[in-house]
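*Asks:* build me a model from this:
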Amino acid sequence: MKIDWAALGSVFGVSLVVTVALVGLFTLGIAGLSRRERAAARGQSAALAVTGAYTAFATCAAAVAYGIYLIVV
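*Replies:* Residues are numbered from 1 along each chain as shown. Predicted coordinates:
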């Protein structure tokens, strides 16, 4: 049995980058929702922050769904 270390390293690298990107997107969504809370406390509108937060969450969900699709197929 021979292990292809280059392929294994490539899979590890891509997994690491995708994981960090998803965590970053989710963090942006949480930050957008916290801006909404701060704006509501001040009596201001935070429509752009909420839209950005929902977009970030939708992108995370799409990436997870695509990953599940890749595993199933």
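*Asks:* please make it C-alpha for all contacts and neighbour counts, starting now.
*Replies:* Noted.
*Asks:* give the next helix or strand downstream of the longest helix along the chain.
*Replies:* In the chain, assigned by DSSP state H, the helix with the most residues is helix 5-42. Proceeding N to C from helix 5-42, the next assigned helix or strand is helix 47-72, under DSSP states H and E.
*Asks:* who are the packing partners of that next one?
*Replies:* helix 5-42 (3 or more CA pairs under 8 Å, 6 or more residues apart in numbering; DSSP states H and E).
*Asks:* ok and the helix it packs on relative to helix 47-72, angle-wise?
*Replies:* 150 degrees (axes from the mean of the first three to the mean of the last three CA atoms, to 10 degrees).
*Asks:* change the start of the numbering to 512 and stick with it
*Replies:* I'll keep to 512 as the first residue from here, and by that count the last item is helix 516-553.
*Asks:* so for helix 516-553, what's the average pLDDT?
*Replies:* Throughout helix 516-553, pLDDT has a mean value of 92.
*Asks:* what of stretch 557-574?
*Replies:* 93.
*Asks:* who's in contact with it?
*Replies:* Contacts with stretch 557-574, where a contact means CA atoms under 8 Å, 6 or more residues apart in numbering, come from 533, 536-537, 539-544, 546-547, 550-551.
*Asks:* of the residues you listed, which is the most crowded?
*Replies:* Neighbour counts for the contacts of stretch 557-574 peak at Gly540, which has 24 neighbours (criterion: other CA atoms under 10 Å).
*Asks:* mind listing what that one touches?
*Replies:* 563-568.
*Asks:* from the centroid of the chain, which residue is nearest?
*Replies:* With distances taken as CA atoms, centre = their mean, Leu533 lies nearest the centre of the chain, 2.8 Å away.
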